[in-house]
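[1] compute the structure for the input listed below.
(one chain, ligands or ions: 2)
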Amino acid sequence: PQPKYLADYAPPPVTVTHVDLHFRLDPLATRIRARLTCERREPGEMVLDGEQLKLISIAMDGAALDPSRYTLTDTALTLHDAPDRFILETEAEIAPETNKALEGLYMSGGMYCTQCEAEGFRRITWMLDRPDVMATYDVEIEADLPVRLSNGDEVAPGKWHDPWLKPTYLFALVAGNLVATSDRFTTVEGREVALNVWVRPGDEGRTGYALDALKRSMLWDERVYGRAYDLSVFNIVAVDDFNMGAMENKGLNIFNSRYVLASPETATDSDYANIERIVAHEYFHNWTGNRITCRDWFQLCLKEGLTVFRDQQFMQDERSAAVQRIGDVLTLRARQFREDAGPLAHPVRPESFVEINNFYTATVYEKGAEVIGMLRRLVGPEGYAAGCALYFERHDGEACTIEDWLDCFAEATGRDLSQFKLWYSQAGTPVVTVREDFKNGRYRIDLKQETPQTPDQPNKAPLVIPLAFGLLGRDGREIQATRIHALDTATDRLEFDLDEKPILSMLRGFSAPVILQHDQTDADRLILLAHDTDPFIRWEAGRMLSKSRLMAAVTDGAGFDAGWLDALHRLATDEAADPAFRALALALPSEDDLAGSLHAASVVPDPDRIHAARKSAQRAIADRLADDLPALRAAMAVPGPYDPRAADAGKRALGATLLRLQTLRDGGDAARAAYAAADNMTDRMAAFTCLLEARDTSVAAAFEQDWKHDRLVMDKWFMAQVAHADPSEAVAQAEALTQRADFDASNPNRFRAVLGGLSAGNPAGFHRADGAGYALLADWLITLDASNPQTAARMSAAFETWRRYDADRQTLMRAALERMRDAASSRDLREMTDRMLG
Ligand code: B3K
Ligand code: ZN
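    Ligands and ions are numbered 1, 2, ... in the order given. This next block holds a predicted model:
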């Protein structure tokens, strides 16, 4: 398949202004009658998209269309010499039951549901399946099912009218035997909105948190962005088989059930946090994505980067801002920096693609959000608010580009954003190098920026990088409060007159998505860790101290010094500090993070040595904290009924960290007691994974006995047994789990639990020297690709780091990639493997 290029964008010659759909649902023979109101804008043929559809009939303006007037292929319906205005009527037949790609109309657990983003609508009927064609919709659903939902407002049972212009990708339909938990919300404009969370009967006791998160999101968007909801109903539906997290269809959000259903017994604190974030994210799309959408799929970050930024702001407001920011940076580094450093690197706004589903990436989403954050830092909160207000006012109801977005900020603030725009087109993570010098009362900071080359981009220009920094005295007092320096040249120098050399606190709040190269002494880092005014910097200083020890342990087998262990001890026992922060500060850099950093330092990472070094560091920490562990753990006990909010969750997080350390000392005694005493899934999973690491063989069977009836809990069980297995056993464990009757490869959650549990959860196991991990994953991805290309292609990115490793592992990973490329039945997996092989 040929790539598509941003440069080739052209609007369609004929457009559709209204869509009328009639569905007669049937598992193997669903009939869709579509009535499209079409209008010519320019000369040219009308080419409608359509895939895997059986044509039953076609008519124009009420009369059957003569075969000479159209051409039908596997992917398109072309109308020859169509008039300037006409009604096109088609009838199509499809089989939702056999649709395992989970794109278009499919069935999950007996219900009908849809996923149309990015190009799934064309599997439902013939249409201009592109985001710049926005239409109003009328939908009628005929089925012998109690609940029939679509977008907009329900005008009669099973009949829906959506007055808001929308592109095809926001269309949705749900029908089944579902029950709702309901509430109401009155918007700031006085609109009464019915809120419903639809689930399968039996799950209605687990919807409360999602509903609560939805109401808080609606209020937040009114208060912070001035955006109110615009229909009389907002529906959320939980679906078991879903490729992604959730989908923002107009007025009818469809969710992976794991991001809706929660009860203290079945969901962990991080499940609750994910539900809150994703409910907010999909709701916020109503303005950033739906009311104002993307002109074409190259502009995906216009809605995704902005909406991720908004969900991050929301979470910072609802929870601890510091903890949230640190978590977001961890995710960015783990996923996006990794992507940017390998063969899949691409700009926030890609300029070409073969399969758009392959570009729902950490770069488009998370780096896209960082770009919005930088824009806000550069123009200031007022400038940002003014730019957003102009954007909403000017572009409501339109399909837009990044240029449209940036123009609003340039206009509202008078700032020239042409250099800033490079963040959208230049791939790769910039490296900012800092050198300090102090002489005769003159303190200098020399700055240098460099972006490494990435596929198709050998040369990089300097970016505008907002560097938030401050200065501390040796006593830890701040002598320069946070200031933002916009670094916009390759090199730059800052100078200060000072009595003594200060301690530089650079990149406060992680003010730009860059790699900071700054050789700071341990002494300076310890002062930052203890005293900086910025919590991100305190955490980062601690992390750098840990990282340098781990890198040395991997490369030279170095031991762990008392100075570092004392610092961790101080952190762990610092009662003034937020427990969630302490848990984050005690967490060591991940194995994959270390592998990436070693590679960046021109050391070939050895996954076994990394794993061993991390384990011995944990043992050293456990020994240093030994005397304090019982009291510290007791202090983290949370009395009373389970509360998912941040304060209690933070205590549980630190409690779990301490239990993991305790387990290294007592072989699992404390964890067994904790497992038996757990009255919520957070504590239970913490104890369970500790016991798996302690090789307690009885606990998995006990867990299964208790939870075999619960699909979402069992996903945790599947994943934990692989991710927490000894690396030498992880592949065999994963393979054994795939042989079980309840391993359903067509369910993406279950598939990811086992195979993702290996590739992402157990790096040393995945990178086993004999290549068994690579082979197992490749086999399963080839199998999955035949039915569900989207998830197979997404998970193939496990191989993106192949060039980091030693020659033997490179050969094995390359062979796995070639095997997947040659066996790929989809263009999704084909494109991914081609790009990774370069
Ligand atoms: N917009 C959807 C993602 C759709 C993915 C299609 N492959 C979820 C979200 O970002 O909100
Ligand atoms: Zn989104």
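[2] buried sites along the helix or strand encompassing Arg814?
    For Arg814, the enclosing helix or strand under DSSP states H and E is helix 807-823. Neighbour-count burial for helix 807-823, with 16 or more other Cβ atoms under 10 Å as criterion, is recorded at Arg809, Leu812, Met813, Arg814, Ala816, Leu817, Arg819, Met820, Arg821, Ala823. Placement of C-beta: from N, CA and C, glycine included.
[3] how about the fourth one, what does it touch?
    To tie it back to what came earlier, the one meant is Arg814. Trp802, Leu837 (Cβ atoms under 8 Å, 6 or more residues apart in numbering).
[4] repeat that with 10 Å
    Listed by Cβ atoms under 10 Å, 6 or more residues apart in numbering, the contact set of Arg814 reads Tyr774, Phe799, Trp802, Arg803, Met836, Leu837.
[5] cool, the third one as well?
    For Met813, the residues meeting the contact criterion (Cβ under 10 Å, 6+ apart) are 767, 771, 773-774, 778, 798-805, 836.
[6] please name the nearest non-neighbouring residue to it.
    Trp802 (3.8 Å; Cβ to Cβ, 6 or more residues apart in numbering).
[7] what pLDDT does the model give the one you found?
    On pLDDT, Trp802 comes in at 98.
[8] next, format the buried residues of helix 807-823 as CSV and append distance to ligand 2.
    Below are the buried residues of helix 807-823 laid out as CSV (distance: Cβ to the ion, whole Å):
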residue, distance to ligand 2
Arg809, 35
Leu812, 36
Met813, 31
Arg814, 34
Ala816, 31
Leu817, 29
Arg819, 33
Met820, 28
Arg821, 29
Ala823, 31
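[9] and which of the residues you listed is nearest ligand 1?
    Nearest to ligand 1, judged by Cβ to the nearest ligand atom, of the buried residues of helix 807-823 is Met820 at 19.6 Å.
[10] wait, that closest one touches Ala778, no?
    Yes: with contact defined as Cβ atoms under 10 Å, Met820 counts as touching Ala778 (5.3 Å).
[11] now do the shared contacts for these two.
    Ser796, Phe799, Thr833.
[12] residues contacting the closest residue to ligand 1 within the stretch 701-838 of the chain?
    The nearest approach of the stretch 701-838 of the chain to ligand 1 comes at Gln790, 6.0 Å away (Cβ to the nearest ligand atom). Contacts for Gln790 (Cβ under 10 Å, 6+ apart) come out as 101-103, 115, 118, 120, 243-244, 355, 357-358, 360, 748, 784, 826, 828-829.
[13] quick revisit: filter the contacts of Met813 down to just the buried residues.
    By 16+ other Cβ under 10 Å, the contacts of Met813 give 767, 771, 773-774, 778, 798-802, 804-805, 836 as buried.
[14] domains in this protein, by residue range?
    Domain segmentation of the chain under automatic domain parsing yields 4-177, 294-423, 431-517, 520-647, 697-838.
[15] turn those into JSON lines, including distance to Ala673.
    JSON lines is the format used below for those (distance: least, Cβ to Cβ, whole Å):
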{"stretch": "domain 4-177", "distance to Ala673": "38"}
{"stretch": "domain 294-423", "distance to Ala673": "28"}
{"stretch": "domain 431-517", "distance to Ala673": "39"}
{"stretch": "domain 520-647", "distance to Ala673": "11"}
{"stretch": "domain 697-838", "distance to Ala673": "12"}
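[16] which of those domains sits closest to Thr268?
    Checking these against Thr268 by Cβ to Cβ gives domain 697-838 as the closest, at 7.8 Å.
[17] quote the end-to-end distance of the closest one.
    Length of domain 697-838, first residue to last, Cα to Cα, to the nearest Å: 43 Å.
[18] ok, back up a step: of the contacts of Arg814, just say which sits nearest to Ala600.
    Arg803 (12.3 Å).
[19] ok but that closest one is inside a strand, no?
    No: under DSSP: H, G, I helix; E, B strand; the rest coil, Arg803 falls outside any strand and is assigned helix.
[20] wait, it sits on Gly596?
    No: counting by Cβ under 10 Å, Arg803 does not reach Gly596; the two are 11.6 Å apart.
[21] and the helix or strand that the helix holding Arg814 is followed by, what does it pack onto?
    Using DSSP H and E, the helix or strand that follows helix 807-823 in sequence is helix 827-837. For helix 827-837, the helices and strands in contact under the criterion 3 or more Cβ pairs under 10 Å, 6 or more residues apart in numbering; DSSP states H and E are helix 772-785, helix 789-795, helix 807-823.
[22] only C-alpha atoms, please: export helix 827-837 in PDB.
    Taking C-alpha atoms only, helix 827-837 is exported to PDB below (Å, rounded to 0.1, in the frame of the first residue of the first chain):
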ATOM      1  CA  ARG A 827      -0.900  -3.300   6.300                       C
ATOM      2  CA  ASP A 828      -0.800  -2.400  10.000                       C
ATOM      3  CA  LEU A 829       1.700  -5.000  11.000                       C
ATOM      4  CA  ARG A 830       3.500  -4.700   7.700                       C
ATOM      5  CA  GLU A 831       4.100  -1.000   8.100                       C
ATOM      6  CA  MET A 832       5.300  -1.300  11.700                       C
ATOM      7  CA  THR A 833       7.700  -4.100  10.900                       C
ATOM      8  CA  ASP A 834       9.000  -2.300   7.800                       C
ATOM      9  CA  ARG A 835       9.600   0.800   9.800                       C
ATOM     10  CA  MET A 836      11.400  -1.100  12.600                       C
ATOM     11  CA  LEU A 837      13.600  -2.900  10.200                       C
END
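[23] quick one: is that helix near ligand 1?
    No: Helix 827-837 is not in contact with ligand 1 by Cβ under 6 Å from any ligand atom; minimum separation 9.8 Å.
[24] that helix: how far from the chain's middle?
    Taking Cα atoms, centre = their mean, to the nearest Å, the mean C-alpha location of helix 827-837 is offset from the chain mean by 21 Å.
[25] cool, stretch 642-655 as well?
    With Cα atoms, centre = their mean, you get 23 Å for stretch 642-655.
[26] low-confidence ranges in the stretch 51-200 of the chain?
    Under the criterion pLDDT under 70, no range of the stretch 51-200 of the chain is flagged.
[27] returning to what we had before: write the PyMOL selection for whichever of the contacts of Gln790 are buried.
    Here is the PyMOL command that selects the buried residues among the contacts of Gln790 (16+ other Cβ under 10 Å):
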select buried, resi 101+102+103+115+118+120+243+244+355+357+358+360+748+784+826+828+829
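[28] now render the contacts of Met813 as CSV, adding distance to Ala613.
    Compiled in CSV, the contacts of Met813 are given as follows (distance: Cβ to Cβ, whole Å):
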residue, distance to Ala613
His767, 15
Gly771, 23
Gly773, 20
Tyr774, 23
Ala778, 28
Ala798, 22
Phe799, 24
Glu800, 23
Thr801, 18
Trp802, 22
Arg803, 22
Arg804, 17
Tyr805, 17
Met836, 28
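[29] ok, so of the residues you listed, who is nearest Glu276?
    Closest to Glu276, out of all of the contacts of Met813 and judged by Cβ to Cβ, is Ala798, at 28.0 Å.
[30] this structure against ligand 1: which residues are in contact?
    117-118, 244, 246-248, 281-282, 285, 304, 357, 360, 790.
[31] just those residues: which are in helices?
    Counting by DSSP state H, the part of these found in helices is His281, Glu282, Glu304, Gln790.
[32] restricting to C-alpha, output stretch 362-381 in PDB.
    Below are the C-alpha coordinates for stretch 362-381, written out as PDB (Å, rounded to 0.1, in the frame of the first residue of the first chain):
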ATOM      1  CA  ALA A 362       3.000   8.300  22.700                       C
ATOM      2  CA  THR A 363       4.500  11.000  20.400                       C
ATOM      3  CA  VAL A 364       1.100  12.200  19.100                       C
ATOM      4  CA  TYR A 365      -0.500  12.000  22.500                       C
ATOM      5  CA  GLU A 366       2.000  12.500  25.300                       C
ATOM      6  CA  LYS A 367       4.600  14.700  23.400                       C
ATOM      7  CA  GLY A 368       1.600  16.400  21.800                       C
ATOM      8  CA  ALA A 369       0.500  17.300  25.400                       C
ATOM      9  CA  GLU A 370       3.900  18.500  26.300                       C
ATOM     10  CA  VAL A 371       3.900  20.900  23.300                       C
ATOM     11  CA  ILE A 372       0.700  22.400  24.600                       C
ATOM     12  CA  GLY A 373       2.200  22.800  28.000                       C
ATOM     13  CA  MET A 374       5.300  24.500  26.600                       C
ATOM     14  CA  LEU A 375       3.000  26.800  24.600                       C
ATOM     15  CA  ARG A 376       1.200  27.700  27.800                       C
ATOM     16  CA  ARG A 377       4.500  28.400  29.600                       C
ATOM     17  CA  LEU A 378       5.700  30.600  26.800                       C
ATOM     18  CA  VAL A 379       2.600  32.700  26.400                       C
ATOM     19  CA  GLY A 380       1.600  32.600  30.100                       C
ATOM     20  CA  PRO A 381      -1.700  31.500  31.600                       C
END
